[in-house]
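>>> Just need the structure, nothing else, for what follows:
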Amino acid sequence: MVDTDATFTQLHNSYIVVPTNRGFILVNQQLAHERILYERFTASSQGKKIAAQQSLFPVTLTLSTADAVLLEELRLDLNDLGYLVEPFGQGSFVIQGTPADLAPGYEKQTIENLLEQYKHFSSELKFSRREKITRSLALQQSVKAGTSLGQKEMQSLVEELFQCSQPNMTANGSPTYIEFKKDYLEKLFTR
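Predicted coordinates for the structure are as follows:
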């Protein structure tokens, strides 16, 4: 369906126009990347542990008592997902490493945001602890709207998206792309 040799175009630093043999698809880069990460994190719970890289400069995180207890509960799952978090005493933790493919510098913010989102998800009993963590990290680590991508980055993102078991939507049901078929486009411009 997707011609990976074709040139992709980025619109508004948020969408990728991908030519197909039937027309084109418009990919939302953030939602597509969120889907890719979600499936990668889900696979880690089935034995495919995510590679971690040791931080050159570990980050210390000091939390409230309630958040420290929560982080201690989540710590082993986070380690499986590539976050090497160790207790440091009195509500403090040291982030010793992060997933290998994650840009450094956002470790503290990611963990703090994860805790807030996890508390938000707590009211949704249908999600397991691991599912809540997976959804939160996929949302946080996805490439954001407004980020300029090069041709190789766009191609890689689209290829990875279509390798997903369910490429057409995020875990929460938002569409990752919309397809525009050639016959539909021709009908729009008929005289």
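>>> quick one, domains of the protein?
Taking automatic domain parsing as the reference, the chain has its domains at 9-40+144-188, 51-141.
>>> looking at those domains, which is closest to residue 2?
domain 9-40+144-188 (5.7 Å; Cβ to Cβ). Placement of C-beta: from N, CA and C, glycine included.
>>> pLDDT averaged over that closest one, what's the number?
Domain 9-40+144-188 carries an average pLDDT of 95.
>>> Repeat that for stretch 119-139.
80.
>>> Residues contacting it, please?
Contact with stretch 119-139 is made by 34-35, 37-38, 41-42, 45, 70, 73-74, 77-78, 81, 110, 113-114, 117-118, 171-172, as judged by Cβ atoms under 8 Å, 6 or more residues apart in numbering.
>>> who does the longest strand along the chain pair up with?
The longest strand of the chain (DSSP state E) is strand 52-62. Using DSSP bridges, strand 52-62 pairs in its sheet with strand 92-99 (antiparallel).
>>> Residues contacting the partner strand, please?
For strand 92-99, contacts defined as Cβ under 8 Å, 6+ apart pick out 50-55, 58-63, 68, 71, 81-88, 104, 107-108, 110-111, 141.
>>> same thing but at 6 Å, please
50, 52-55, 58-62, 82, 84-88, 107 (Cβ atoms under 6 Å, 6 or more residues apart in numbering).
>>> In the next helix or strand after that strand, which residues are buried?
Where DSSP states H and E defines the elements, the next helix or strand beyond strand 92-99 is helix 107-121. Going by neighbour count (16 or more other Cβ atoms under 10 Å), the buried part of helix 107-121 is 107, 110-111, 114-115, 117-118, 121.
>>> circling back: let me have the domains of the chain in TSV, adding distance to residue 2 as columns.
Below are the domains of the chain laid out as TSV (distance: least, Cβ to Cβ, whole Å):
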stretch	distance to residue 2
domain 9-40+144-188	6
domain 51-141	22
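>>> Who does the nearest residue to residue 183 once chain neighbours are set aside form a beta bridge with?
Of all residues not flanking residue 183 in the chain, residue 23 sits nearest, at 8.0 Å (Cβ to Cβ, 6 or more residues apart in numbering). With DSSP bridges as the criterion, residue 23 is bridged to residue 20, residue 181.
>>> Might you report the residue contacts of residue 23?
180-182.
>>> how about 10 Å then?
179-186 (Cβ atoms under 10 Å, 6 or more residues apart in numbering).
>>> now residue 166
By Cβ under 10 Å, 6+ apart, residue 166 lies in contact with 35, 38-39, 176.
>>> hmm, which of these are the buried ones?
Buried among the contacts of residue 166 by 16+ other Cβ under 10 Å: 35, 38-39, 176.
>>> In these, find the pair that's most separated.
39 and 176 (11.5 Å).
>>> Between the two, which contacts overlap?
Counting by Cβ under 10 Å, 6+ apart, the residues touching both residue 39 and residue 176 are 161, 164, 166-167.
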